[in-house]
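Student: One predicted model, sequence on top.
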Amino acid sequence: MGALLTLAMLVVAPLSACTQAVSAAGLTTNDPARPTAPAVAAVPAGPFVMGSDAAEREAAYRLDEAAYGHSRTREWGWYDNEPARRTVELADYFITRTPITNAQYAAFVRATGHPAPDVDRATWKGYRLIHPYQRTRRHAWTGAAPPAGREEHPVVLVSHADARAYAAWLTEATGRTWRLPSEREWEKAARGADGRRFPWGDAFDAERLNSHDRGPFDTVPVGVSGRRQPLRPARCRRSGLRMDRDAFGLGRRALHRQGRLVGRFRLWNLPTGGPARPAGRPQTHPDRLSPGRGINPCLN
């Protein structure tokens, strides 16, 4: 599965139809010293179809083969260990409508002195990825300042610990309890309740996400498509990635499987929809700093 880690990039995926928009103003206090809480979507209580079956996994491999012209994802078993398709009950919850932006994360860095997003050359080389180190530089911060012109892009080059620290600070700063979503919560928000393979349906559609098929080979501002067109609220695509609090529903023990985090990243530099399915279970180490790893907290 080590080869899987060479592909940790970013996808624009929409919230599913089961979510409902909630005004951020309704979730903040009247204290002017507190930051504005991120806008969230309400996910109603009830059952949803989670995981994948053999037919979905086979379709994913065929999408990859058609796009790449080879069968390496099949040979490496990228999708073989996905949870079995089943119905799961969840209580209602809120999740951010978009990934946390550089501007939102900057408030956290300024207030706490937390290290700004970046990765050094030696660390990057140790990941043994196919992507050149120079490709990370457009996402790296200078001191406590995000890259110029990328304030509304999703913050990346953050670890699992960074995401947890941000959620803890946001809890203290807003007076509301924030946390990272569970595996089940993230999948329901991204997928909907009816078991569709993608947030919009069962067929891959490159016009509905920021992948290498139609995108700019880069992150884009949240709420903007890969072609940099404003998004309609009903379609609500995301330009980022999500991270799990209790991957596979087993608590912190499950965060480590052969030294890797079973979590969420998404792809902005790859064609095909195989890796873009909400049922997908890519694996990466919790400390890895990737241009395709961001933050989507939940609000209790």
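Tutor: Nice, thanks for sending it over. Numbers count the residues shown, from 1 in each chain.

Student: Show me where the stretch 51-200 of the chain has its helices.
Tutor: Across the stretch 51-200 of the chain, reading from the start of the chain, the helices by DSSP state H, counting those that start in this stretch fall at 54-68, 72-75, 102-112, 121-127, 160-174, 183-191.

Student: Tell me which of those sits nearest to residue 146.
Tutor: Comparing the helices of the stretch 51-200 of the chain against residue 146 with C-beta to C-beta, the closest turns out to be helix 102-112 (3.5 Å). Glycine gets a C-beta too; all of them are placed from N, C-alpha and C.

Student: and that closest one, which residues are buried?
Tutor: Taking 16 or more other C-beta atoms under 10 Å as the neighbour-count basis, helix 102-112 is seen to contain the buried residues 102, 104, 105, 106, 108, 109.

Student: any idea what sits nearest the second one, other than its immediate chain neighbours?
Tutor: Residue nearest to residue 104 in three dimensions, not counting chain neighbours: residue 38, with 6.3 Å by C-beta to C-beta, 6 or more residues apart in numbering.

Student: go on, the third one?
Tutor: Nearest non-adjacent residue to residue 105, counting by C-beta to C-beta, 6+ apart: residue 155, 4.1 Å away.

Student: okay, the helices of the stretch 51-200 of the chain in JSON lines with distance to residue 144 and mean pLDDT next?
Tutor: Output for these, formatted as JSON lines (distance: least, C-beta to C-beta, whole Å; pLDDT from 0 to 100):
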{"stretch": "helix 54-68", "distance to residue 144": "40", "mean pLDDT": "93"}
{"stretch": "helix 72-75", "distance to residue 144": "39", "mean pLDDT": "93"}
{"stretch": "helix 102-112", "distance to residue 144": "5", "mean pLDDT": "96"}
{"stretch": "helix 121-127", "distance to residue 144": "20", "mean pLDDT": "95"}
{"stretch": "helix 160-174", "distance to residue 144": "14", "mean pLDDT": "95"}
{"stretch": "helix 183-191", "distance to residue 144": "29", "mean pLDDT": "91"}
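
Student: okay, and for this structure, where does confidence drop off?
Tutor: Across the chain, the stretches falling below the confidence threshold (pLDDT under 70) are 1-34, 215, 224-272, 283.

Student: those strands in it, which residues are they?
Tutor: Listed in chain order, the strands of the chain (DSSP state E) span 12-14, 20-22, 40-43, 46-50, 86-90, 93-96, 178-179, 237-239, 261-262, 283-284, 298-299.

Student: Could you check how far the residue nearest to residue 104 is from residue 184?
Tutor: Using C-beta to C-beta, to the nearest Å, we find residue 38 at a distance of 21 Å from residue 184.

Student: Contact partners for residue 138?
Tutor: Under the criterion of C-beta atoms under 8 Å, 6 or more residues apart in numbering, the contact list for residue 138 reads 147, 150, 218.

Student: any idea which of the residues you listed has the most stuff around it?
Tutor: Looking at those with neighbours defined as other C-beta atoms under 10 Å, the largest count falls to residue 150 at 20 neighbours.

Student: Now do the contacts for that residue.
Tutor: Listed by C-beta under 8 Å, 6+ apart, the contact partners of residue 150 are 102, 138, 139, 219.

Student: Now do the second one against residue 220, distance only.
Tutor: In this case it means residue 138. Between residue 138 and residue 220 the distance, using C-beta to C-beta, works out to 12 Å.

Student: hang on, the earlier thing: what separation do you get for the residue nearest to residue 104 and residue 193?
Tutor: Between residue 38 and residue 193 the distance is 24 Å, computed by C-beta to C-beta.

Student: okay, those two: which has more neighbours?
Tutor: In terms of neighbours (other C-beta under 10 Å), residue 38 is the more surrounded of residue 38 and residue 193; the figures are 25 against 19.

Student: quick one: that one and residue 100 touch, right?
Tutor: Yes: counting by C-beta atoms under 8 Å, residue 38 does reach residue 100; the two are 6.5 Å apart.

Student: who touches both of those two?
Tutor: With C-beta under 8 Å, 6+ apart applied, the overlap between the contact sets of residue 38 and residue 100 consists of residue 297.

Student: Can you tell me the number of residues neighbouring residue 61?
Tutor: For residue 61, which is what you asked about, the neighbour count (other C-beta under 10 Å) is 19.

Student: begin at 20 from here
Tutor: Got it, the first residue is 20 from now on, which makes the last one we talked about residue 80.

Student: what sits against the nearest residue to it once chain neighbours are set aside?
Tutor: Sequence neighbours aside, residue 93 is the residue nearest to residue 80 in space, at 4.5 Å (criterion: C-beta to C-beta, 6+ apart). For residue 93, the set of contacting residues under the criterion of C-beta under 8 Å, 6+ apart consists of 80, 83, 84.
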